[in-house]
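> Structure of the sequence below:
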Amino acid sequence: MALCKLIASFSQSATDSSHYQSRKLSIDEINLVSSYYQQNGNNSAVTGGIGTEKLNDISNNLDIRLFMFDRKKRKNIFDVEIGIDHYTSASSDKIDLKANSSASYADTRIYPSVNWSREHEQKGTTIGAGLSFSNEFDYQSKGINLLFAKKTADKNGEFTAKLQAYLDQVSLVTPTELRSGGGFGEHEDYGTANRNTFAASLSYTQIINTRLQVAFLADLIQQNGYLGLPFHRVYFTDGSVHQENLPDSRLKIPLGFRANYFAGDRLIIRSYYRFYTDNWGISAHTADLELPVKINPFFSISPFYRFTHQKGTRYFAPYEVHKATETYYTSNYDLSSFNSHFMGAGFRWSPVKGVFGIAHLQSMELRYGHYNRSTGLQSNIVSLNLRYK
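Just a heads-up that it's a prediction; the model follows:
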């Protein structure tokens, strides 16, 4: 399932707190993001690389950012976020091939998080930490992160390091025909397996001049544990059905470069490139371009386009192509070779007197994106962001 977040510049945003350093906890801004996502295709991993991938998802996310200054005039920021997704999935419903509709047809995911950071303006340093949690029918995740950032002496550059750990549990929901009992119940005890992810993220941003800003990004991600999904079927050449089986360790290395160029009062050019590789044999190149155009002081349009070329894992093969001699196997087309295109536009409205005349409702942004993959998967997403400041 793909979910969308609003694309934003990495450049720092100004706040009104620079003039008044309150020692009381105050609201900096509130963001409410709602989105609707729809996809369809014919390569479902649940049915072995064939069959419907139809899915619908409604997502709502509330983000409240608070701040205060302590006695040493250090700015403390508290970010409290809660998200709720509800989806219906025709492909997940095929965990039970005989049922017209089963408990896996729909699910709700709840994912709260809280983050804290402290900025020492004179020293140019920022430290932070955060906790997160996510829960749905067959997956639970607990996360923790630590942050350190240091600005250069002239304040035009900043180095950031972030460490993250996610300790997850996967419910072993097996396809019904592979269960000893053969049943399917919403409260059935399937057993669980662990999946742990540890990530180190490094970035350096630099203001080149009044028009150009660049950023270099690098991640090192190590995953261990049960890294497949137990209800993903794989059909062998002899017609037999098996559960997806993947290695219990995976090392991912994404490297990225971002450049924002302010071409004038009305146009910004935002570009991004990422190279990805891992020890499963996957490599990918992604290029992204967004062109926000200010129509007038209150309204702007941001067309965007993203292209990805991926070379798939050596463990992938389509329906009834895997052989019994193979140790690892999957028919999940997310791990296959493909080209993809994602394009659309955002529309941002920020009137002086506030959206709909509400003074502190600073802006409203509506975004639409269409995704097309060479495997046949297509999706559409519409999102609405309301910012209160």
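> CA only for contacts and neighbour counts going forward, please
Will do.
> so who does K389 touch?
27-30, 360-362 (CA atoms under 8 Å, 6 or more residues apart in numbering).
> swap in N135?
By CA under 8 Å, 6+ apart, the contact set of N135 is 109-111, 141.
> What is the end-to-end distance of stretch 95-108?
End-to-end span of stretch 95-108 (CA to CA, to the nearest Å): 17 Å.
> tell me the mean pLDDT for it?
Mean pLDDT, stretch 95-108: 69.
> Filter the contacts of K389 down to just the ones in strands.
Those of the contacts of K389 mapping onto strands are 27-30, 361-362, per DSSP state E.
> Write the PyMOL selection for whichever of those residues are buried.
Here is the PyMOL selection string for the buried members of the ones in strands among the contacts of K389, based on 16 or more other CA atoms under 10 Å:
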select buried, resi 28+29+30+361+362
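> now, which of the ones in strands among the contacts of K389 sits nearest F347?
Q362 (14.2 Å; CA to CA).
> any idea how far the closest one is from S141?
34 Å.
> same question, G346
Counting by CA to CA - G346 and S141 are separated by 31 Å.
> Neighbour count for the two, which is higher?
G346 (22 against 18; other CA atoms under 10 Å).
> Next up, the contacts around the closest residue to the more buried one other than its chain neighbours.
In space, G346 comes closest to R367 once its chain neighbours are excluded; the distance is 4.1 Å by CA to CA, 6 or more residues apart in numbering. Neighbour list for R367: 6, 344-347, 382-384 [criterion: CA under 8 Å, 6+ apart].
> Filter the residues you listed down to the buried ones, PyMOL style.
A single PyMOL command selects the buried members of those (16+ other CA under 10 Å):
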select buried, resi 344+345+346+347+382+383+384
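> what's the most distant pair in the contacts of R367?
Farthest pair in these (CA to CA) is G344 and L384. Separation: 13.9 Å.
> before we move on, the earlier item: in JSON lines: the contacts of R367, plus distance to E290.
JSON lines is the format used below for these (distance: CA to CA, whole Å):
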{"residue": "L6", "distance to E290": "12"}
{"residue": "G344", "distance to E290": "10"}
{"residue": "A345", "distance to E290": "9"}
{"residue": "G346", "distance to E290": "10"}
{"residue": "F347", "distance to E290": "12"}
{"residue": "V382", "distance to E290": "17"}
{"residue": "S383", "distance to E290": "17"}
{"residue": "L384", "distance to E290": "18"}
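> and which of the contacts of R367 is nearest to D288?
G344 (11.8 Å).
> Which residues are in contact with the closest one?
303-305, 367-370.
> what do you get if the cut-off is 10 Å, keeping everything else the same?
Neighbouring residues of G344 by CA atoms under 10 Å, 6 or more residues apart in numbering: 290, 302-306, 367-371, 380-382.
> Widest-spaced pair of the residues you listed?
E290 and N380 (17.9 Å).
> Show me the strands in the stretch 251-389 of the chain, by range?
For the stretch 251-389 of the chain, the strands defined by DSSP state E, counting those that start in this stretch cover 268-278, 283-290, 293-296, 299-311, 338-349, 361-373, 378-388.
> right, so of the ones you listed, which gets closest to D63?
strand 378-388 (9.6 Å).
> how big is the angle separating the closest one from strand 338-349?
30 degrees (axes from the mean of the first three to the mean of the last three CA atoms, to 10 degrees).
> Would you mind pulling up the elements that strand 378-388 packs against?
strand 26-40, strand 55-69, strand 338-349, strand 361-373 (3 or more CA pairs under 10 Å, 6 or more residues apart in numbering; DSSP states H and E).
> just how off-centre is stretch 218-232 within its chain?
15 Å (CA atoms, centre = their mean, to the nearest Å).
> so for that stretch, what's the average pLDDT?
pLDDT averaged over stretch 218-232 gives 97.
> do the same with stretch 248-261
98.
> chain center to it: distance?
Worked out by CA atoms, centre = their mean, stretch 248-261 lies 13 Å from the chain centre.
> Could I get the contacts of K389 in a markdown table, plus columns for pLDDT?
Rendered in a markdown table, the data for these read as follows (pLDDT from 0 to 100):
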| residue | pLDDT |
| --- | --- |
| I27 | 91 |
| D28 | 93 |
| E29 | 95 |
| I30 | 96 |
| H360 | 89 |
| L361 | 92 |
| Q362 | 93 |
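> Closest to G41 out of those?
Using CA to CA, the contacts of K389 come closest to G41 at I30, 36.2 Å.
> give the contact list for that closest one.
Applying CA under 10 Å, 6+ apart, one finds that I30 lies in contact with 62-66, 79-81, 360-362, 386-389.
> Go again with 7 Å.
63-65, 387-389 (CA atoms under 7 Å, 6 or more residues apart in numbering).
> what separates the residue nearest to Y273 when sequence neighbours are not counted from L217, distance-wise?
Excluding the flanking residues, the one nearest Y273 by CA to CA, 6+ apart is A287, at 4.6 Å. A287 sits 14 Å away from L217, going by CA to CA.
> So the residue in the chain sticking out farthest from the centre, which state does it fall into?
Ranked by distance from the centre of the chain (CA atoms, centre = their mean), the top residue is D238, with 37.9 Å. What DSSP: H, G, I helix; E, B strand; the rest coil gives for D238 is coil.
> so what's N224 bridging to?
Following DSSP bridges, N224 is listed with bridge partners N196, S249.
> check contacts around the residue lying closest to I268 once chain neighbours are set aside.
Spatial nearest neighbour of I268, excluding adjacent residues (CA to CA, 6+ apart): F262 at 4.5 Å. The neighbours of F262, taking CA under 7 Å, 6+ apart as the test, are 211-212, 268-269.
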